[in-house]
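In: no sequence on this one, just coordinates:
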Ligand code: GLU
C-alpha cells in the first residue's frame with residue numbers, strides 16, 4: 001500500500017497480505033446465508049467461493065482466496081451506470097429523474113417518491129432510470145457504453161454472461177412493472193422494453209474480486225484508474241457517485257453499514273461487494289451467500305474487519321491537516 005493523503009505512514013505490502021490472509025481464514029468459517037435463487041445461474045454458484053482483493057490508490061493489488069473467479073456483478077454495476085448518466089447529462093438533470101435518498105426499503109421495492117422519482121440510483125428502480133439516461137442510439141449501444149465504462153474502471157474489457165442475461169429477461173417482470181410505473185410518473189421517459197434490455201444486460205456483466213478492487217481504487221483515486229492511468233470519469237462525478245454509495249449502496253442496510261464500516265460501497269446479489277476508501281484504496285470481495293438484505297455475509301464481515309484493522313471509516317480522524325495563518 002502506498003502512503004497517501006492524510007495517512008501518517010505507509011502500510012507495507014507484507015502487512016496487508018498478512019491481514020488479508022488472517023481475515024480470509026477467520027471469515028471463511030462463517031456459514032450463514034443463502035445464495036441468490038431467483039435465476040438458476042446464480043443458484044448454482046459454489047457457496048464456498050471466497051475472494052478478497054485490495055488495490056491501493058497507487059495501483060498495487062493484493063489478493064487472497066478466489067479473487068480471480070468471475071462472478072455476476074449485478075447491482076455493483078449500478079454505481080457505474082449512475083456515474084455514466086451524470087457524465088452524459090450532468091448531476092442536476094439526473095437528480096430531476098432519480099433522487100439521492102436512502103430508500104429504507106428492499107432493493108426491488110415498487111415505490112416512488114412524492115415527485116414520482118425512484119429514491120436513489122443504487123436500487124433497481126433508480127438504476128433502470130439511470131440506464132435510460134446513458135446516451136446511445138438503442139439498448140445495445142447504451143449497454144456497450146456501460147460495459148466499456150466498467151471495463152475502463154477495471155482495467156480490462158468486461159462482458160455480459162449470456163445465460164444470466166436471458167434468465168434476467170425471463171424473470172424480470174417486477175423490474176418491468178417498475179419501468180411502467182416510472183413511465184407513467186414520467187421519471188422514465190424512454191421506452192420500457194428497450195431500457196430493461198440494457199438494464200438486464202448490465203446486471204449480467206461479470207468480473208472478479210481483483211477487477212472490483214481496481215474499480216474501487218478508481219473511485220478512491222478521483223476517477224483515474226491507478227493501474228492503467230486512464231481517466232474514467234471527472235473528479236466531480238466520482239465525488240457524486242461515492243457520496244450516494246456511502247448513503248445508499250448497501251440496500252436496506254446502508255445506514256448501519258455507514259455506521260459500522262464507514263466506506264462508500266455497493267453490493268450485488270451475485271455476492272460481490274465494492275468498497276472505496278477515498279484517496280487510499282479499493283476493496284473487492286466475492287462470496288455468494290447473502291443475508292436477508294441481499295448483501296454477501298462474508299463480504300460484509302471481511303470489509304468490516306479490514307476497515308477496523310486499518311481505521312478506514314470515512315469519519316475517522318486521520319493525521320490533522322493544517323491551515324496556515326495567511
Ligand atoms: N438483476 C437483479 C434485479 O434487477 C439485480 C439485483 C441486485 O443485485 O440488486 O432484480
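Out: Cool, got the structure. Every value quoted in this text rests on a predicted model; they were computed, and no experiment measured them.
In: average pLDDT across stretch 99-109?
Out: Across stretch 99-109, the average pLDDT comes to 86.
In: pull out the buried positions in that stretch.
Out: By neighbour count on 16 or more other Cβ atoms under 10 Å, the buried set for stretch 99-109 is 99, 100, 102, 103, 107, 108, 109. Every C-beta, even on glycine, is put in place using the N, C-alpha and C of the backbone.
In: out of those residues, flag the one nearest to the ligand.
Out: Relative to the ligand, the closest of the buried residues of stretch 99-109 is residue 107; by Cβ to the nearest ligand atom it sits at 4.4 Å.
In: how far away is the closest one from residue 225?
Out: Here the criterion is Cβ to Cβ, to the nearest Å. By it, residue 107 lies 28 Å from residue 225.
In: what do you get for residue 41?
Out: The spacing between residue 41 and residue 225, counted by Cβ to Cβ, is 29 Å.
In: what about residue 17, how many neighbours?
Out: Neighbour count for residue 17, taken as other Cβ atoms under 10 Å: 14.
In: next, give phi and psi for it.
Out: Main-chain torsions, residue 17, degrees, to the nearest 10: phi -60, psi -40.
In: just checking, it touches residue 60?
Out: No. The criterion here is Cβ atoms under 8 Å, and residue 17 misses it with residue 60 at 11.1 Å.
In: so who does residue 260 touch?
Out: The contact partners of residue 260, taken as Cβ atoms under 8 Å, 6 or more residues apart in numbering, are residue 304.
In: could you redo the last one with a cut-off of 10 Å?
Out: Contact analysis of residue 260 by Cβ atoms under 10 Å, 6 or more residues apart in numbering lists 253, 300, 303, 304, 307, 308, 313.
In: separation between the spatially closest residue to residue 245 that is not a sequence neighbour and residue 274?
Out: In space, and not counting its chain neighbours, residue 245 is closest to residue 264: 3.9 Å by Cβ to Cβ, 6 or more residues apart in numbering. Going from residue 264 to residue 274 by Cβ to Cβ gives 9 Å.
In: more neighbours: which of those two?
Out: Between residue 264 and residue 274, counted using other Cβ under 10 Å, residue 274 has the larger neighbour count: 35 against 26.
In: for that one, name its beta-bridge partners.
Out: With DSSP bridges applied, residue 274 shows beta-bridge pairing to residue 266, residue 284.
In: isn't it right up against residue 281?
Out: No. Contact criterion Cβ atoms under 10 Å: residue 274 and residue 281 do not qualify, at 11.7 Å.
In: overlap in contacts of these two?
Out: Going by Cβ under 10 Å, 6+ apart, residues that sit against residue 274 and also against residue 281 are 213, 216, 217.
In: write out the residues of the chain neighbouring the ligand.
Out: Applying Cβ under 6 Å from any ligand atom, we find that the chain lies next to the ligand at 74, 75, 107, 108, 124, 168, 175, 203, 268, 269, 294.
In: redo these as a markdown table? Include secondary structure.
Out: Shown next, in a markdown table, are the residues of the chain next to the ligand (DSSP: H, G, I helix; E, B strand; the rest coil):
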| residue | secondary structure |
| --- | --- |
| 74 | helix |
| 75 | helix |
| 107 | coil |
| 108 | coil |
| 124 | helix |
| 168 | helix |
| 175 | helix |
| 203 | helix |
| 268 | coil |
| 269 | coil |
| 294 | coil |
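In: quick one, which of those has the minimum pLDDT?
Out: Within the set of the residues of the chain next to the ligand, pLDDT is lowest for residue 107 (81).
In: burial of the closest residue to the ligand within the stretch 101-250 of the chain, as a residue count?
Out: Residue nearest to the ligand within the stretch 101-250 of the chain (Cβ to the nearest ligand atom): residue 203, separated by 3.8 Å. The local packing of residue 203 (other Cβ under 10 Å) involves 28 other residues.
In: separation between it and residue 47?
Out: 20 Å.
In: domain boundaries for the protein, per the record?
Out: Following automatic domain parsing, one finds the domains of the chain at 9-73+207-323, 75-203.
In: and the helices in the stretch 201-326 of the chain?
Out: 209-220, 235-248, 254-260, 297-309 (DSSP state H, counting those that start in this stretch).
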